[in-house]
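Undergrad: okay, predicted coordinates and the sequence, questions at the end:
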Amino acid sequence: MNSAIDLIVMGGGIAGVSAAMYAKRAGLKAVIFEPGVIGGQLLFMENVDNFPGVAMGTKGRDFALRLEQTLRDFEIKVNREAIREIRLQKNGVEVVGNDSAYAASGLIVATGASFKKLGLNNEERLLGRGVSYCAICDGFFFKNKDVAVVGGGNSAVEEALYLANLCRKVTLIHRKSSLRALDYLQEEIRTLPNVEIIFNSTIKEIKGGDFLEQIVIENVTEGRTQTLRCNGMFIAIGVSPNTELLKNIVSADENGFITTNEEMKTSCDYIWSCGDCRKRPLRQLITAASEGAIAAVSAYKHIKGHYISS
Ligand SMILES: Cc1cc2nc3c(=O)[nH]c(=O)nc-3n(C[C@H](O)[C@H](O)[C@H](O)COP(=O)(O)OP(=O)(O)OC[C@H]3O[C@@H](n4cnc5c(N)ncnc54)[C@H](O)[C@@H]3O)c2cc1C
């Protein structure tokens with residue numbers, strides 16, 4: 001077991017990178033655990049247009065590369081294992097990666113969130129074969145084809161706008177009678193001639209052999225169904241937190257988002273949380289970054305205090 005770590009940061013999205021950077025600058029020995037690409041959800045983002053100091057039109061993946069550079073600049077170790085188990089110890093935590101266990105005085109959970117699924121038959125089987133959760137990642141494959149987008153919030157409308165530039169026709173399907181997206185997005189989508197919006201409707205069935213062929217749409221107010229032929233279906237119905245491992249360890253809300261105080265401290269003495277896995281009013285890059293910084297400083301105070309008193 002490796003016990004020479006002050007702080008483990010679980011997740012290498014912007015919240016985790018920011019936490020690790022502040023921890024390192026404070027003098028803590030911090031290690032990030034990240035099995036995927038540094039940057040997390042940044043990889044799904046076309047442009048980063050709302051981060052002060054970052055030029056409009058900066059690609060999400062370029063921003064992600066800069067985060068990786070930050071880790072190199074600060075000589076922060078990245079462990080490429082996914083954390084699979086978290087155990088509370090007398091004076092800290094122990095996490096289990098692929099094969100080994102690692103002990104630390106504190107843990108910052110920055111595991112972000114994943115796309116919500118519809119939970120329908122064929123959704124998993126046709127993933128990457130017509131079904132997608134990310135227009136920026138997969139939209140290109142549907143150039144001049146017909147696609148559907150499911151959802152009515154900002155993400156769904158942004159996906160539909162992006163796809164309308166590429167595809168022959170985009171059908172936006174929303175279960176409510178009006179969109180939830182910001183006004184300017186709604187105005188923009190309504191001006192596009194190749195976008196149709198179907199309200200009060202849900203997806204009842206996904207059909208296809210090797211690839212998606214049709215979806216069955218049900219009007220929830222009238223109970224009638226219609227079949228839509230499409231090559232792609234982009235599901236944009238929100239995200240759920242990656243907090244399964246924390247169940248029964250820290251407090252969370254009814255949707256699994258970790259609850260903390262304003263210093264990002266959870267209900268457990270050795271665990272902090274920041275970013276999209278945490279219950280917060282605004283899930284954006286800038287709030288994730290700032291919460292990472294707060295979590296690290298809060299953890300630093302606790303860990304140093306703990307060292308002094310022991
Ligand atoms: C399509 C899209 C567009 C967006 N557009 C914008 C925008 O324009 N502006 C904006 O400000 N925000 C935008 N957002 C939101 C923004 O991306 C997020 O709020 C932010 O990236 C959250 O960062 P995070 O570090 O909390 O989580 P994430 O970026 O989700 O990172 C979490 C990381 O934790 C890792 N992880 C998970 N489980 C484990 C484990 N068990 N062990 C180790 N690591 C683990 C994951 O692999 C991941 O890399 C957008 C999001 C999406 C999906």
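TA: Yep, that arrived. Keep in mind the model is a prediction, meaning the values are calculated, not measured.

Undergrad: confidence score at the closest residue to L126 other than its chain neighbours?
TA: Of all residues not flanking L126 in the chain, L212 sits nearest, at 5.0 Å (Cβ to Cβ, 6 or more residues apart in numbering). Yep, even glycine has a C-beta here, placed from its N, CA and C like the rest. Predicted confidence (pLDDT) for L212: 98.

Undergrad: how near is L212 to G119?
TA: 16 Å (Cβ to Cβ, to the nearest Å).

Undergrad: next: I271.
TA: From I271 to G119 the distance is 30 Å (Cβ to Cβ).

Undergrad: can I assume E68 sits in a strand?
TA: No. Using DSSP: H, G, I helix; E, B strand; the rest coil, the assignment for E68 is helix, not a strand.

Undergrad: that one is in contact with L42, isn't it?
TA: No. E68 lies out of contact with L42 (Cβ atoms under 8 Å); the separation is 10.5 Å.

Undergrad: so if I had to pick from those two, which one is more boxed in?
TA: Neighbour comparison, E68 and L42: the larger count goes to L42, with 22 against 16 (by other Cβ atoms under 10 Å).

Undergrad: tell me who's in contact with that one.
TA: By Cβ atoms under 8 Å, 6 or more residues apart in numbering, L42 lies in contact with G13, I14, V48, G60, R61, F63, A64, L67, L285.

Undergrad: just those that are near the ligand?
TA: G13, I14, L285 (Cβ under 6 Å from any ligand atom).

Undergrad: closest to the ligand among those?
TA: G13 (2.2 Å; Cβ to the nearest ligand atom).

Undergrad: and N144, how many neighbours does it have?
TA: N144 - counted by other Cβ under 10 Å - has 9 other residues nearby.

Undergrad: quick check: chain neighbours aside, which residue is closest to it?
TA: Looking at N144 with Cβ to Cβ, 6+ apart, the closest residue is R168, at 5.2 Å.

Undergrad: roughly how far does that neighbour sit from the ligand?
TA: Noted for R168: a distance of 22 Å to the ligand, by Cβ to the nearest ligand atom, to the nearest Å.

Undergrad: same question, C274
TA: C274 is 7 Å from the ligand, by Cβ to the nearest ligand atom.

Undergrad: and for W272?
TA: With Cβ to the nearest ligand atom as the criterion, W272 and the ligand are 13 Å apart.

Undergrad: what secondary structure does A288 sit in?
TA: helix.

Undergrad: pLDDT (mean, whole number) over the host helix or strand of A104?
TA: Assigned by DSSP states H and E, A104 belongs to strand 101-109. When pLDDT is averaged along strand 101-109, the result is 97.

Undergrad: show me what the residue positioned nearest the centre of the chain is bridged to.
TA: Closest to where the C-alpha atoms of the chain average out (Cα atoms, centre = their mean) is A113, at 3.4 Å. With DSSP bridges as the criterion, A113 is bridged to P241.

Undergrad: now it: how far from N79?
TA: From A113 to N79 the distance is 21 Å (Cβ to Cβ).

Undergrad: not counting sequence-adjacent ones, nearest residue to G97?
TA: According to Cβ to Cβ, 6+ apart, the nearest residue to G97 is E81 (3.3 Å).

Undergrad: close enough to count as contact, that neighbour and P35?
TA: Yes. Between E81 and P35 there is a contact under Cβ under 8 Å: 6.2 Å.

Undergrad: the stretch 151-300 of the chain: strands as residue ranges?
TA: 169-173, 195-198, 201-208, 212-219, 225-229, 232-235, 239-241, 271-273 (DSSP state E, counting those that start in this stretch).

Undergrad: for the stretch 1-150 of the chain, same thing?
TA: 2-10, 30-33, 47-48, 58-59, 77-79, 85-89, 92-96, 101-109, 113-115, 131-132, 146-150.

Undergrad: pick out the residue of the stretch 51-200 of the chain closest to the ligand.
TA: Closest point on the stretch 51-200 of the chain to the ligand, by Cβ to the nearest ligand atom, is G112, at 2.0 Å.

Undergrad: got the residues of the stretch 1-150 of the chain near the ligand?
TA: Neighbours of the ligand within the stretch 1-150 of the chain, by Cβ under 6 Å from any ligand atom: 10-16, 33-36, 40-42, 44-45, 50, 82-83, 110-113.

Undergrad: contacts for stretch 256-274?
TA: With Cβ under 8 Å, 6+ apart, stretch 256-274 has contacts from 15-16, 18-19, 86, 88-89, 91-93, 105-110, 240-241, 243-244, 246-247, 249-253, 277-280, 288, 291-292, 294-296, 298-299, 302.

Undergrad: which among these end up buried?
TA: Taking 16 or more other Cβ atoms under 10 Å as the criterion, what is buried in the contacts of stretch 256-274 is 15-16, 18-19, 86, 92-93, 105-110, 240-241, 243, 246, 249-250, 252, 277-280, 288, 291-292, 294-296, 298-299, 302.
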